[in-house]
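*Asks:* dropping the sequence and predicted coords here.
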Amino acid sequence: MLFDGSLLQLTFDLRGSGLVGHRIGYIPCLFLLDEEGRALLRSEPILDVIELFRGRGEKYLRLRTPIRFDFDPDAATERHPASHMTLNHPNCRIPVRGPLGLGHFIKFVFWHFYPTV
C-alpha cells in the first residue's frame, strides 16, 4: 500500500532463474485522502479509512482506473498478447514490447501519478 491508500500488485512467476510471467498493477485509491486520512492509514485498517472517506461525500471521490502490466507467454493468443497493459476492462489489452521490470514499473507509477513526489 502506498502513502495515499493506492495499492501495488506485484506477482512474478519464476522458473529456475528465469522470468516466465508477471502481473504488476497500480490500483489508485478510490478517495482523495487528506492529511488525517494518510495518518490513519498508518494505524487503522485500510477498509476502515475508506469507509470513513466514503461517508464524506463526492468531493473526496476519485474516479481513476487501475492499470496493469501482464506478461504470460503461455496464455498468448491473437486477442491476448503475451505482454500487454490492461485498462478499464479485462478485454482491453494493449500490446507492449515485452515484460516490464519492477524498477521501470515503479518509475512509471511515480512519474505519471505522483509527479511532485
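*Replies:* Structure's in. What do you need?
*Asks:* buried stuff in the longest helix seen in the chain?
*Replies:* Using DSSP state H to assign secondary structure, the helix with the most residues in the chain is helix 102-113. By neighbour count on 16 or more other Cβ atoms under 10 Å, the buried set for helix 102-113 is 105, 108-109. In this view, the C-beta of every residue, glycine as well, is placed from N, C-alpha and C.
*Asks:* neighbouring contacts of it?
*Replies:* With contact meaning Cβ atoms under 8 Å, 6 or more residues apart in numbering, helix 102-113 is reached by 6, 8, 10, 12, 24, 26, 28, 69, 100, 117.
*Asks:* and if you look at stretch 34-49?
*Replies:* For stretch 34-49, contacts defined as Cβ under 8 Å, 6+ apart pick out 1, 3-5, 31, 33, 52-53.
*Asks:* would you point out the most distant pair within the contacts of helix 102-113?
*Replies:* Greatest spacing in the contacts of helix 102-113, by Cβ to Cβ: Phe12 and Val117 (24.5 Å).
*Asks:* who's more crowded, these two?
*Replies:* Set side by side, Phe12 and Val117 show unequal neighbour counts under other Cβ atoms under 10 Å, the larger going to Phe12 at 13 against 9.
*Asks:* Gly57: which of the buried residues of helix 102-113 is nearest?
*Replies:* Out of the buried residues of helix 102-113, the member with the shortest distance to Gly57 (by Cβ to Cβ) is Val109, at 27.6 Å.
*Asks:* per-residue confidence at the closest one?
*Replies:* Val109 is assigned a predicted lDDT (pLDDT) of 96.
*Asks:* now do the one 4 residues further on
*Replies:* Confidence per residue is given as pLDDT, and for Phe113 that number is 93.
*Asks:* mind checking how far it is from Ser83?
*Replies:* 21 Å (Cβ to Cβ, to the nearest Å).
*Asks:* dump the least confident helix or strand in the chain by mean pLDDT to PDB, restricted to CA.
*Replies:* Sorting the helices and strands of the chain by mean pLDDT, DSSP states H and E puts helix 46-54 at the bottom, at a mean of 89. Below are the C-alpha coordinates for helix 46-54, written out as PDB (Å, rounded to 0.1, in the frame of the first residue of the first chain):
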ATOM      1  CA  ILE A  46      -7.500   0.500   5.100                       C
ATOM      2  CA  LEU A  47     -11.100  -0.600   4.700                       C
ATOM      3  CA  ASP A  48     -12.000   1.500   7.800                       C
ATOM      4  CA  VAL A  49     -10.300   4.500   6.400                       C
ATOM      5  CA  ILE A  50     -12.000   4.100   3.000                       C
ATOM      6  CA  GLU A  51     -15.400   3.700   4.800                       C
ATOM      7  CA  LEU A  52     -14.700   7.000   6.700                       C
ATOM      8  CA  PHE A  53     -13.900   8.900   3.500                       C
ATOM      9  CA  ARG A  54     -16.800   7.300   1.600                       C
END
